[in-house]
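Chemist: Provided below are the primary sequence and the corresponding predicted coordinates.
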Number of protein chains: 2
Amino acid sequence: MQKRLQSLPLKNIAIHDNYWSRYINTVPAGLSYQWDALNDRLPDAEKSYCMHNFKVAAGLEEGEFGGRCFQDSDVAKWLEGVAYYLETNCDPELEKIADEAIEIIGKAQQDDGYLDTYFIVAEPDKRWTNLRDWHELYCAGHFIEAAVAYYNSTGKDRLLKIICRYADLICNTIGKEEGKIHGYPGHPEIELALVKLYRVTGEKRYLDLAQYFIDERGQRPVYFDMEKSRSDPQAAVDPQIFNHTYYQVHAPIREQDTAEGHAVRNAYLYTGVADVAFETGDETLLKTCETIFDNIAEKRMYITGSIGSAANGERFSTDYDLPNHSSYSESCASIALAMFAKRMLEIKRDAKYADVMENALYNTVLAGISLEGNRFFYVNPLEVIPDVDEKNLDLRHVKTERQKWFGCACCPPNIIRTLASLGQYIYSADDENLFVNLYVSNETHCKIGDRDVTVSVRTKYPYGSGIEIKVKTDSDDPFTLALRLPKHTFLNRMTVDDAPAHEVLEKGYLKLKRNWKGETVVRILLDLPVLRVYANPKVRADIGKVALVKGPVVYCLEEADNGTNLGGFELPDDAVLHEEYDNTLFGGTMTITAEGVKVVDDGNASLYRTTPPKKTKAAMKFVPYCYWNNRGKGEMLVWVRRETK
Amino acid sequence: MQKRLQSLPLKNIAIHDNYWSRYINTVPAGLSYQWDALNDRLPDAEKSYCMHNFKVAAGLEEGEFGGRCFQDSDVAKWLEGVAYYLETNCDPELEKIADEAIEIIGKAQQDDGYLDTYFIVAEPDKRWTNLRDWHELYCAGHFIEAAVAYYNSTGKDRLLKIICRYADLICNTIGKEEGKIHGYPGHPEIELALVKLYRVTGEKRYLDLAQYFIDERGQRPVYFDMEKSRSDPQAAVDPQIFNHTYYQVHAPIREQDTAEGHAVRNAYLYTGVADVAFETGDETLLKTCETIFDNIAEKRMYITGSIGSAANGERFSTDYDLPNHSSYSESCASIALAMFAKRMLEIKRDAKYADVMENALYNTVLAGISLEGNRFFYVNPLEVIPDVDEKNLDLRHVKTERQKWFGCACCPPNIIRTLASLGQYIYSADDENLFVNLYVSNETHCKIGDRDVTVSVRTKYPYGSGIEIKVKTDSDDPFTLALRLPKHTFLNRMTVDDAPAHEVLEKGYLKLKRNWKGETVVRILLDLPVLRVYANPKVRADIGKVALVKGPVVYCLEEADNGTNLGGFELPDDAVLHEEYDNTLFGGTMTITAEGVKVVDDGNASLYRTTPPKKTKAAMKFVPYCYWNNRGKGEMLVWVRRETK
């Protein structure tokens, strides 16, 4: 297998971007806010109990375990976010808080290395007895990710050592060898984490365990069916929802050919599968990843890069079933999808993966957080009607306003760690290539092989269509700069130091191989029009409808601009779409306006009538989907009915 | 209050109708089939345990209680269906079975009159401790209805006596007097039943109890909140779903102004409220009924006469929220709505109530049963896509094929008792008026005051537009014949003995007051066109769509006629709608065909694309909604997208 591309170290990437910085700048306040949440200091928010649980486990506080069995993972994701933030920012106070938290975590660790406060505090005799439901391995996975990130960021190995002891305990407890538990996690996540741990420590046993989890998953008889401990309330949960497919154990991984089950679990799992496929050189496994990815991207993904169309089970349902109003579309699932896409991109070097990664990041992941960084969506449908969502209990998973916190708070720290690590998604490199995946303004120092290279990207993308990439190096050893041509954009002009570039387009990347010695300015001018996008006609929910995009950005109608009954609008096929940059809105955004048509309330109160509703011309204003609900509660709609002529 | 109209006795109504007889003729086989179900003799069907439970309670069999706590009610509804059937048919064998069942029921009755097998067998110490969840009063209500019907039909008072003993126990146990339980049923039904019992026995205590239930319901503090016994699994059920609104206790009845909560409970409740309002002359209560009815009919009812748009809670949601695909639309709810409408019609003499009654009966109630009478729908959405409904767990309440039976089998016997008693809905009369509400071919002998009158109706309505009503009487005392002008029809011509009639149109009824001595032939020729119907533009699910109706019959597209992806069709506004009667289909039906437009699979496999889907001309064939899924599993769609020009 070809060497994979890798992210550049975050510490050398300085982002100052028109689209992203407004969010990234909320990270320090967000981390502080979330630390308050983890310590139950947010007024009127659901309690977290996270740090309380660790303190009880550490013998520092009296009390019961609080929250869900996977509560620990919120601390882990927060620490991972802190790590990424500290990698690019100096914040001794925050680092001190994190170090103190790590000390508490260390004190909570048991003599044998075990570290899961739910079991330490609440169920000391039940360790490893219910891998399906109790999230032990999931929490361990998140702590491994945190430890690796914290070590990479700060150079401090305290958490890494703690976690390695725990990981070693897991390696000694679960695996194919006789006497070990022949299980795997109900909620995949640890697979990708173990590969990270393997990469940072070089200890192959961590990779082996990840591989074991993937090889064993879905084998017959299904391990979960043989687990004895089903005495907790979750054991009684609905078997129609929590079936083999839900847990991705309906078939061995290599025989799975559609994306099934809980969307977050699925995408975390296949992120790990891609990692293991690469590390072990397993082409069959990689082929499975490609099949699953294509099934998601071409049959089971919303235009906003979200997945999981069924609320019951937070699951994939079936091909082309993408209801807009009842969708689950969890923020975490889009983060996981971006991770999966990133792995596939690094292995396959194909921009189709970057397109999905960009789509998820630019739309659903950002929709999950308010512009202030302190309110969150867990569920991200493409249509919201507050009166209905609040009164029709089939839609009660839909929150009509971002929330302060959640009892099950997986999404907020997940979004923060993603924002804090955005740099990981911008570039991919190996010794001979520097891939620019995302056009985010930044300045970066990196090594391409032995070459010291400085790259700076300046752009107003996705609202502006010009991109300037300045490359500086003292090396005269040629390497390739690969610039993605984003989906829904078209190359207008590309120059190198103002002369026409002689780029080669390969798998969606514009490639320039040359001697970069000195300073070189590459300029790309994209055609970045507002486009009307139509869904495959097999998508029942979108038939006869159109969505507007500009590059990766999906637009929506909001009540704040367009009044109520957004479903009453039609966008004429021949309507001119005006773009206008509004400096004052959402910290600056491109808006789209058009002369549309809307049904009129003609005063006929009848529920059913034989005269068709009247229509009238009506101005329509579209704003990026990710910004919706930053102006109070109201309707929102992505897919708008077409008026064909 | 004006005297209410009343149904004519079933025994004198002989139905031989083009539209209904195909269903009514299945009643004897259906009763036999259901008797097998109640005795657990159906292979591969969910077990009922009904008669087993009664036999155990009667000491005739050993065993545990089986099924749900409201299982008894299925026997009651079956007996009620038998009663109606026996009123118009001689079937000594069936009557013997019913009599034997009644004997078993009698043996199951406890010394103090108590009669609920769940409590007798499974929870002897818990009687009346959980009125909210345990359906004791609901089951009692159905037995009261059965007893009244069986007495009216056969003249045998064995069951009536049994039930009166039980009702007396209830009267002595629950009520406003000190020492009694100050509660009311979690599932209303007994209110309407007690009024029936009052009418047949003349015992005012039964009416008083019904009135008490209605007066007390929703008063503060809410009785259900004070019930001590919440130890059963249902006590742990989701409080978001099972809240005050669910049980219609969110406000005192007289202060309720929207139709809320569980749809079946709501409509049974308001049927009883209407009965009590009439019997007590309570105008405020009647006004409440009018308000609730209007809220249903003008804001919360599907075009097919179904109600309950949310599956979670089988509930009403909010005004104009009528999703077609995820709808609950329980068969029982439409039966209950027809009952409520019948009461309102009898009191208010306004055809708007008959319109809703007819709509529910002709569409959703019939959709609930197969043409063979032995397969049933519980849930009746207006759009079905089998692949999605079977794989998206948010839609798992939707069955894509009618079922043999249900563990919770309220609907099948409810449909049968409705078919067996259809005659109750055809006519309403008082001493001076004979209202013809439904145009069902039949011959009826009745008393209008002291006059012996024979009425025969011959019509092919709703497929044919001519109606002939022959009135025979020896009396020369004038009375009024009131013939409904059905919704979606228009009066073309009306004659009396071939001369122009001098009718008066009043509240939707064409009224003829005359001396009918001898034989008189009234002929109505309706304009009964296929009509395009549009929903109020506030109904988000139906914007831009059209449904076809012919009189009361709502049409749909089925995959059997139109292939898959029915959502891909558009019906052009100017498409000519051809009616054709097909003698061979569904036992004879009017079909509608049109030249429509359909999106084409253009071979582009992309999920999202910038070229709009292509369309092509495509033949469309509509069949009545009630017949859908009588040709195997497939898609179905009522609301079709319009092609406007």
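Modeler: That came through fine.

Chemist: isn't residue A:113 right up against residue A:163?
Modeler: No: using C-beta atoms under 8 Å, residue A:113 is not in contact with residue A:163, being 9.2 Å away. Every C-beta, even on glycine, is put in place using the N, C-alpha and C of the backbone.

Chemist: give me the more crowded residue out of the two.
Modeler: Shown here are residue A:113 and residue A:163; by other C-beta atoms under 10 Å in any protein chain shown, residue A:163 has more neighbours (28 against 17).

Chemist: residues of the stretch 351-500 of chain A that sit close to chain B?
Modeler: Within the stretch 351-500 of chain A, the positions adjacent to chain B are A:385, A:387-388, A:391-394, A:396, A:488 by C-beta under 8 Å from any C-beta of the partner chain.

Chemist: what subset of those is buried?
Modeler: When those are checked for burial by 16 or more other C-beta atoms under 10 Å in any protein chain shown, the buried set is A:385, A:388, A:391-394, A:396, A:488.

Chemist: could you dump these to TSV with secondary structure?
Modeler: Below are those laid out as TSV (DSSP: H, G, I helix; E, B strand; the rest coil):
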residue	secondary structure
A:385	coil
A:388	helix
A:391	helix
A:392	coil
A:393	helix
A:394	helix
A:396	coil
A:488	coil
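
Chemist: in CSV: those, plus distance to residue A:307 and pLDDT.
Modeler: Listed next are these as CSV, based on distance: C-beta to C-beta, whole Å; pLDDT from 0 to 100:
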residue, distance to residue A:307, pLDDT
A:385, 22, 98
A:388, 23, 97
A:391, 27, 96
A:392, 23, 97
A:393, 24, 96
A:394, 20, 97
A:396, 20, 95
A:488, 19, 97
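
Chemist: in JSON lines, list these along with distance to residue B:155.
Modeler: Shown next, in JSON lines, are those (distance: C-beta to C-beta, whole Å):
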{"residue": "A:385", "distance to residue B:155": "56"}
{"residue": "A:388", "distance to residue B:155": "52"}
{"residue": "A:391", "distance to residue B:155": "49"}
{"residue": "A:392", "distance to residue B:155": "48"}
{"residue": "A:393", "distance to residue B:155": "47"}
{"residue": "A:394", "distance to residue B:155": "48"}
{"residue": "A:396", "distance to residue B:155": "52"}
{"residue": "A:488", "distance to residue B:155": "78"}
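
Chemist: between those residues, which is nearest residue B:606?
Modeler: Residue B:606 lies nearest to residue A:488 out of these, by C-beta to C-beta, at 12.0 Å.

Chemist: didn't the closest one look like it was pressed against residue A:549?
Modeler: Yes: at 5.5 Å, residue A:488 counts as touching residue A:549 under the criterion of C-beta under 8 Å.

Chemist: now render the residues of the stretch 351-500 of chain A next to chain B as a markdown table, adding distance to residue A:458.
Modeler: As requested, these are exported to a markdown table (distance: C-beta to C-beta, whole Å):
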| residue | distance to residue A:458 |
| --- | --- |
| A:385 | 41 |
| A:387 | 45 |
| A:388 | 44 |
| A:391 | 49 |
| A:392 | 47 |
| A:393 | 50 |
| A:394 | 47 |
| A:396 | 45 |
| A:488 | 21 |
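
Chemist: the helix or strand encompassing residue A:492 pairs with which strands?
Modeler: Following DSSP states H and E, one finds residue A:492 within strand A:490-496. Sheet pairing of strand A:490-496 (DSSP bridges) gives strand A:499-500 (antiparallel), strand A:518-527 (antiparallel).

Chemist: winner for burial among these?
Modeler: Stretch with highest mean neighbour count among the strands paired with strand A:490-496: strand A:518-527 (a mean of 17; mean count of other C-beta atoms under 10 Å in any protein chain shown).

Chemist: list of residues touching it?
Modeler: Residues outside strand A:518-527 that contact it (C-beta atoms under 8 Å, 6 or more residues apart in numbering or on different chains): A:461, A:465-473, A:481, A:483, A:485-486, A:489-498, A:501, A:510, A:512, A:514, A:551.

Chemist: any of these buried? List them.
Modeler: Applying 16+ other C-beta under 10 Å to these flags A:461, A:465-467, A:469, A:471-473, A:481, A:483, A:485-486, A:489, A:494, A:496, A:501, A:510, A:512, A:551 as buried.

Chemist: can you redo the strands paired with strand A:490-496 as a markdown table with mean pLDDT and distance to residue A:540?
Modeler: Below are those laid out as a markdown table (pLDDT from 0 to 100; distance: least, C-beta to C-beta, whole Å):
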| stretch | mean pLDDT | distance to residue A:540 |
| --- | --- | --- |
| strand A:499-500 | 96 | 47 |
| strand A:518-527 | 98 | 32 |
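
Chemist: now those strands as a markdown table including distance to residue B:575?
Modeler: Converted to a markdown table, the strands paired with strand A:490-496 look like this (distance: least, C-beta to C-beta, whole Å):
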| stretch | distance to residue B:575 |
| --- | --- |
| strand A:499-500 | 55 |
| strand A:518-527 | 40 |
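
Chemist: so which of the ones you listed is nearest residue B:89?
Modeler: Taking these one by one with C-beta to C-beta, strand A:518-527 is closest: 77.6 Å.

Chemist: next SSE downstream of the closest one?
Modeler: Taking DSSP H and E, what comes next after strand A:518-527 is strand A:530-535.

Chemist: that following strand packs against which elements?
Modeler: Other elements packing on strand A:530-535 under the criterion 3 or more C-beta pairs under 8 Å, 6 or more residues apart in numbering or on different chains; DSSP states H and E are strand A:545-550, strand B:608-609.

Chemist: for the helix or strand of chain A with the lowest mean pLDDT, list every residue counted as buried.
Modeler: Across the helices and strands of chain A, mean confidence by mean pLDDT, DSSP states H and E is lowest for helix A:223-226: a mean of 90. For helix A:223-226, the neighbour count (16+ other C-beta under 10 Å) marks A:223-224 as buried.

Chemist: again with stretch A:110-130
Modeler: A:110, A:113-123, A:127-130.
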